[in-house]
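Asker: Build the 3D model from these lines:
(chains A and B)
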Amino acid sequence: MALLEVKDLSIHFGGVKAVQNVNFSVDSGIVYSVIGPNGAGKTTLFNLITGVYKPTTGEIRLDGEAVHGKSPNELARRGMARTFQNLQICMNMSAVENVMVGAHLRLDRNLVKAALRFPALRKRDAEMRNEAAGLMRFVGLDKFADARADSMPYGALKRLEIARALAMKPRLIFLDEPAAGLNPKETIEVDHLVRKVADSGVTVVLVEHDMKMVMNLSDRILVLDYGKKLAEGTGEEVRRNPDVIAAYLGAHA
Amino acid sequence: MKNTTKGLVIVAVILAIVPFVSPNSYYTDLAIRMAINATIVLGLNLLIGFAGQISLGHAGFLGIGAYASAVLPTHLGWHPLLAMGAGAAVTAVLAGLVARPIFKLKGHYLAMATLGLGIIINIALRNEAQWTGGPDGMPVPAMSLFGFELSGDKHWYWVVAALLLVSIWASLNLIDSPFGRALRALHGSEVASQVVGVDIVRYKVAIFVLSAVFASLMGSVTAHYIGFVSPNFADFFHSIELVTMVVVGGMASVFGSLVGAVLLTALPQALATFEGWETVVFGAILMGFMIFLPKGIVPTIAARFGKGE
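Answerer: As a prediction, the model looks like this:
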C-alpha cells in the first residue's frame, strides 16, 4: 500500500479552482516531485495535504487512514513534516531553538513541570539540544550552532527549515522549493542534502523549479498545470510527454 | 554561570538589601508595590512578549483576585487563603471560557475583546454595591498564615519579595522549556508551529489563563497589603499601565519586566506634581518608547552590549 494516497482532490477559492481532481500516490521510501509552471497549484497542493487548507472535495490517505480535513498539528502527530517556500523561521529564537521546536511532540510539554524545573524534563531538553545541534551539522549548518535565527543568511535559513522538519523524526517530508533563491553552488548542496534525507529512510515529496535537481533526485514526478494533473511518471516518461513539453515551452501541441 | 542565573542572583541580592537601606516606610511601601507590579508584569509579559498576544483587560483579573479577598472573608467568613484560591479559580475559569473565542481573533480584535472583558469586570464590581461597596470600595480583612497575622511593611515586603523571586525563577524555567519554546514559536510563525505539532489555540489559552491567574493572585496580595479595595484596581487605566510596563521594560524579557515595573511604579511618585495629568504622561511615555525604543530598555541594552539574557 502506498504511504500517501490522494484521490480526486480539489479546492476552490471562490471561482478559482486552484487544484482540480488531482490523483496520485507516493510509495514509502521514494523521492516524489511535483513540478509545474508558476501558479500551477503546487504549493496549494502542499497546503492541502499538510492540513493548512481544507479540501473542497477529495480524499487524502496516509498509510490508509483518511486524513483530509485534519489540522496540521494532528498531521504532525502522524509523521508528516514540511518546509515552506516563503521562509517560516521563528526570528525571535536562536537557530538551534528553531530546530528544537521541530521536536515539540517528542518532548514533555507540561507547563508545571517546566516551571518547577523537573530534572527529567531538563535532562531530556538538554539531550534534545545536542540532537538539534547534530541535525544542524547534518544539514551543513555547523557554523551557525550558536547563531540567532535573525542573523543568518537566506540560504542557511532554508536548511534550518529542513533541520526543523527532520527534528520531528517524520515518515514523510514535504519540501516546498528548497532551492528557490539559492545560487548554483548552494543548489547542488541542497540537492545532496535531499538525497541524504531520502537515504535516511524518510519519504520525500518535493516541489522544485530546478529541473536538474528534480530529474536527478526524483523516483517519480507529478506535473501540474492550472491546478490539474498533466502527467505523472518517471523522469524519463515525463520529459517525453508532449503535454508537458507544451506547458513548459508554451507551444500549442 | 549562565546570564539568567546571574540575573536571578543579582535580583535576590537587591531584594535582600532593600529593607535595610530603605530610609523609611514610604520607600518600603514603594518597594512592595514595585515587587507586586513586577510579578504581575512577568505574567503579562509571558502572554504579550513571549507568546505575542495582547491583553488590555488584565486589571480585570487583578480586580477579581482583590475583590475575592475582600468579599469572601468579609461577607462569608472564608479564610483569606481560601478566598485567594477561590479568586484565582474563578479567574482561571473565566479566562479559560472567554479565551477560546477570543483567540480566534487576532491583532486589534484581540485587543478590543480583552479590553471589553476588563471593562465588564470593572462595571460588575462597581454595580454590585451590596457585596463590593460599589464605587467606594471596601476594607479587606487582614491575612493570617498559620495563626500569624501579616501586618505592616516588613512582613509584606518579605512575602512579595519571595513571590517575585519564585516567579522570576519559574518564568525563566518556563521559557526555556518545550512549553515555552512552543509559545515563542507561535509568536514567530503560527503556521510553522502548527506543522510541527503545536496546538496553537491550546497554548494561547494556557498562557492567557496562567497570566490571568498571576494577576488574580497578586490582586489578592495587593488587597491584603493595602487593606482596602476599590474598583480602580480593575479599571482600564490600570490595564494600560501594566501593558506599558511590559513595553518599556522590554517585550519577551524577564528582567525587562522587572525594570519596566520598577520604573513605572516609581514614576507616578516622581510625577506627583502633575496631579491629574499622570495618565497623559504615561501615554506620552508609551508612545515615545514605541517610536524610539520599540524593543524596550533591557533588550536594547542587551543588544548594545553583545549578549542577550
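Asker: which element is the residue in the stretch 51-200 of chain A positioned nearest to chain B on?
Answerer: Nearest residue of the stretch 51-200 of chain A to chain B: A:C90, at 2.6 Å (CB to the nearest CB). (Glycine included, C-beta is placed from N, CA and C.) For A:C90, there is no enclosing helix or strand under DSSP states H and E.
Asker: Need the per-residue pLDDT for it.
Answerer: pLDDT recorded at A:C90 is 97.
Asker: For B:V281, what are phi and psi?
Answerer: Dihedral angles of B:V281 (phi, psi; degrees, to the nearest 10) stand at phi -60, psi -40.
Asker: about what we covered before: tell me who's in contact with the residue of the stretch 51-200 of chain A closest to chain B.
Answerer: The contact partners of A:C90, taken as CB atoms under 8 Å, 6 or more residues apart in numbering or on different chains, are A:97-98, A:101, A:149, B:184-185, B:187-189, B:192-193.
Asker: Can you tell me which of those is closest to B:V281?
Answerer: Among the contacts of A:C90, B:H187 lies closest to B:V281 (CB to CB), at 30.0 Å.
Asker: So that closest one, which state does it fall into?
Answerer: Following DSSP: H, G, I helix; E, B strand; the rest coil, we place B:H187 in the helix state.
Asker: and it, what is it in contact with?
Answerer: The contact partners of B:H187, taken as CB under 8 Å, 6+ apart, are A:90, A:92, B:50-52, B:252.
Asker: Run a quick neighbour tally on the closest residue to it other than its chain neighbours.
Answerer: The shortest distance from B:H187 to any non-neighbouring residue, by CB to CB, 6 or more residues apart in numbering or on different chains, is to B:G52 (3.2 Å). Using other CB atoms under 10 Å in any protein chain shown, B:G52 has 18 neighbouring residues.
Asker: most surrounded residue in the contacts of A:C90?
Answerer: In terms of neighbours by other CB under 10 Å, the contacts of A:C90 top out with A:N98 at 32 neighbours.
Asker: Run a quick neighbour tally on B:L267.
Answerer: Using other CB under 10 Å, the number of residues around B:L267 comes to 18.
Asker: so it is in which element?
Answerer: Here B:L267 sits within helix B:254-270, counting by DSSP H and E.
Asker: so where do the helices sit in the chain?
Answerer: Chain wasn't specified; assuming chain A. For chain A, helices defined by DSSP state H occupy the ranges A:42-49, A:72-77, A:95-102, A:111-115, A:119-138, A:154-166, A:184-199, A:211-217, A:235-240, A:242-249.
Asker: That was the other one, I meant chain B.
Answerer: B:3-21, B:25-45, B:58-76, B:80-102, B:107-127, B:129-132, B:152-175, B:178-188, B:190-195, B:200-226, B:236-249, B:254-270, B:278-292, B:297-304.
Asker: Contacts for the last one, please.
Answerer: It stands for helix B:297-304. Residues from elsewhere that reach helix B:297-304, judged by CB under 8 Å, 6+ apart: B:248-253, B:255-256, B:259-260, B:263, B:293, B:295, B:308-309.
Asker: Which two among the residues you listed are spaced furthest apart?
Answerer: Spatial extent of these (CB to CB) is set by the pair B:L263 and B:G308 at 20.4 Å.
Asker: So which of the two has more stuff around it?
Answerer: B:L263 (17 against 13).
Asker: Next, the contact list for that one, please.
Answerer: B:L263 touches B:245, B:248-249, B:297, counting by CB under 8 Å, 6+ apart.
Asker: repeat for A:R124
Answerer: Contacts here follow CB under 8 Å, 6+ apart; on that basis A:R124 touches A:107-108.
Asker: hmm, back to that, let me know which of the helices of chain B is tucked in deepest.
Answerer: The highest average neighbour count among the helices of chain B, using mean count of other CB atoms under 10 Å in any protein chain shown, belongs to helix B:58-76 at a mean of 27.
Asker: which helices and strands sit right next to that one?
Answerer: helix B:25-45, helix B:80-102, helix B:107-127, helix B:129-132, strand B:138-139, helix B:200-226, strand B:228-229, helix B:236-249 (3 or more CB pairs under 8 Å, 6 or more residues apart in numbering or on different chains; DSSP states H and E).
Asker: low-confidence ranges in chain A?
Answerer: By pLDDT under 70, the low-scoring segments of chain A are A:250-253.
Asker: Check it and tell me which residue is nearest its centre.
Answerer: Residue closest to the average C-alpha location in chain A (CA atoms, centre = their mean): A:F174, at 2.0 Å.
Asker: and that one, bridged to which residues?
Answerer: Beta-bridge pairing for A:F174 (DSSP bridges): A:R82, A:V205.
Asker: which parts of the stretch 151-253 of chain A sit against chain B?
Answerer: When proximity is defined as CB under 8 Å from any CB of the partner chain, the stretch 151-253 of chain A approaches chain B at A:164-165, A:167-168.
Asker: same check, this time on the stretch 1-150 of chain A
Answerer: Proximity of the stretch 1-150 of chain A to chain B, by CB under 8 Å from any CB, involves residues A:50-52, A:71-73, A:75-77, A:80-82, A:84, A:88-93, A:97-98, A:100-105, A:107-111, A:114-117, A:121, A:125, A:148.
Asker: Narrow these to those that are buried.
Answerer: For these, a neighbour count by 16 or more other CB atoms under 10 Å in any protein chain shown gives the buried set as A:50-52, A:71-73, A:75-76, A:80-82, A:84, A:88-90, A:92-93, A:97-98, A:100-105, A:107, A:109, A:111, A:114-115, A:121, A:125, A:148.
Asker: count of residues packed around A:L206?
Answerer: Counted with other CB under 10 Å, residues neighbouring A:L206 total 25.
Asker: Just to check, it is in contact with A:V34?
Answerer: Yes - applying CB atoms under 8 Å as the test, A:L206 and A:V34 come out as touching, 7.1 Å apart.
Asker: nearest residue to B:E128 other than its sequence neighbours?
Answerer: Take B:E128 and drop its neighbours on the chain: the residue closest to it by CB to CB, 6+ apart is B:G134, 7.6 Å away.
Asker: what sits against A:I60?
Answerer: A:4-7, A:9, A:48-49, A:66-68.
Asker: Can you tell me which of these is closest to chain B?
Answerer: A:I49 (11.1 Å).
Asker: Tell me the spacing between the closest one and B:V243.
Answerer: Remark: distance between A:I49 and B:V243 (CB to CB, to the nearest Å) = 40 Å.
Asker: ok, now A:F144?
Answerer: To B:V243, A:F144 is 35 Å away according to CB to CB.
Asker: centroid residue for chain B?
Answerer: The residue lying closest to the centre of chain B (CA atoms, centre = their mean) is B:I40, at 1.7 Å.
Asker: That one reaches B:L217, doesn't it?
Answerer: No - if you go by CB under 8 Å, B:I40 and B:L217 don't touch, sitting 9.1 Å apart.
Asker: Which residues are in contact with B:V209?
Answerer: B:92, B:95-96, B:99.
Asker: out of those residues, who's nearest B:E275?
Answerer: B:E275 lies nearest to B:A95 out of the contacts of B:V209, by CB to CB, at 34.9 Å.
Asker: how near is that closest one to B:V205?
Answerer: From B:A95 across to B:V205, the span is 8 Å (CB to CB).
Asker: now do A:L75
Answerer: Plainly put, A:L75 is 21 Å away from B:V205 if you go by CB to CB.
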